[in-house]
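Q: Fold the following, please.
(one chain, ligands or ions: 1)
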Amino acid sequence: MLVNTKEILDKARKEGYAVPAFNITDMQSIMTVVKVCEEENAPCLIEAAEGTIKAYGTTYLAAIAEVAARKAKVPVALHLDHGKTFEIIIQAIRDGFSSVMIDASQESFDENVRLTRQIVDIAHACGVSVEAELGHVGVGSQAPTQEDMEKYLTKPEDAKRFVELTNVDFLAVAVGTAHGLYTFEPKIDLERLKQISETVDVPLVIHGGSGTPGLEQTPPLGVSKVNVFTDLQIPIRKKVKEIIESEPLERLTAVRIWKTANEAAEPVIRDYLRKLGASGKA
Ligand code: 13P
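A: Model prediction:
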């Protein structure tokens, strides 16, 4: 059975390690992530973003994750990443996701509180935990200006108030990372992270894990979940291209292409589990 994400992350925060949350895209990618987590004896956090939900829907994804969890030797939780609409979040809760993210990070502080609070009330009544984002994590293709940093980085005093007002279970913070490939040198603001973790005691979440140096320094500063997508896609894309270009057409089958390509991400999954300290913590 899927476990509540809160169980996995509260333990991580208490024991000072972080669990990488891998953005999965389908059954094969779920199976690949679960397999490596089992080999590493690590808790397994898989998450689905909007594009994946649009392609396959919450019902299929939850059913596949549920089977994976039932067969796995390690705890498995399924999280909704960047839930932007009420409808998608409610569907995920109804279909058995372990946790949901309500992303109202581009709204005002008060509106973010209101929207998060609404989801927290519903999700908690269903035994589902909730992540929200305060401040805003941008995209790596756009280097932030000084003005962006002042506007978007999470302010420690706001974080405290936000958690008190919303009763949210995990807080995603903007501390210098960005989603996707970086076109600038990212630098995690460790001092800011330290201040935030001293004012709030819920597990903190870093988005945009891919390509970010210094992630291993963040678990002692309260970070318990690090989201990873792009670093998984890089070896998968390369492998697809390699197989297609090197194999005769008649040998190509969907299973051969896709299973092999996904397995090319295994070393990356293992590396994140080890460097964040999740290996051996199942
Ligand atoms: P990356 O693609 O940069 O790893 O970001 C993933 C993420 O934060 C998903 O929410």
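Q: Now do the longest helix that the chain contains: everything it contacts.
A: Of all segments of type helix in the chain, defined using DSSP state H, the longest is helix 50-71. Helix 50-71 has contacts (C-beta atoms under 8 Å, 6 or more residues apart in numbering) with 1-3, 23-27, 30-31, 34, 46, 48, 75-76, 78, 80-82, 84, 88, 91-92, 94-97. From N, CA and C alone the C-beta is placed, and that goes for glycine too.
Q: number of nearby residues for the nearest residue to Thr183 once chain neighbours are set aside?
A: Sequence neighbours aside, Ser141 is the residue nearest to Thr183 in space, at 5.5 Å (criterion: C-beta to C-beta, 6 or more residues apart in numbering). Using other C-beta atoms under 10 Å, Ser141 has 12 neighbouring residues.
Q: Ser141 touches Phe184, doesn't it?
A: No: using C-beta atoms under 8 Å, Ser141 is not in contact with Phe184, being 9.4 Å away.
Q: And the closest residue to Pro43 other than its chain neighbours, how far from the ligand?
A: Distances taken as C-beta to C-beta, 6+ apart place Ile8 nearest to Pro43, at 4.6 Å, with adjacent residues excluded. To the ligand, Ile8 is 17 Å away according to C-beta to the nearest ligand atom, to the nearest Å.
Q: Which pLDDT value goes with Ile8?
A: Ile8 is assigned a predicted lDDT (pLDDT) of 98.
Q: same thing with Val202?
A: pLDDT at Val202 comes out at 98.
Q: do the one 5 residues further on as well
A: The model reports His207 with a pLDDT of 98.
Q: wouldn't it be in contact with Asn227 here?
A: Yes: with contact defined as C-beta under 8 Å, His207 reaches Asn227; the gap is 4.8 Å.
Q: Quick one: name the residues of the stretch 1-150 of the chain near the ligand.
A: By C-beta under 6 Å from any ligand atom, the residues of the stretch 1-150 of the chain that approach the ligand are 23, 81-82.
Q: Alright, that wraps it up for me.
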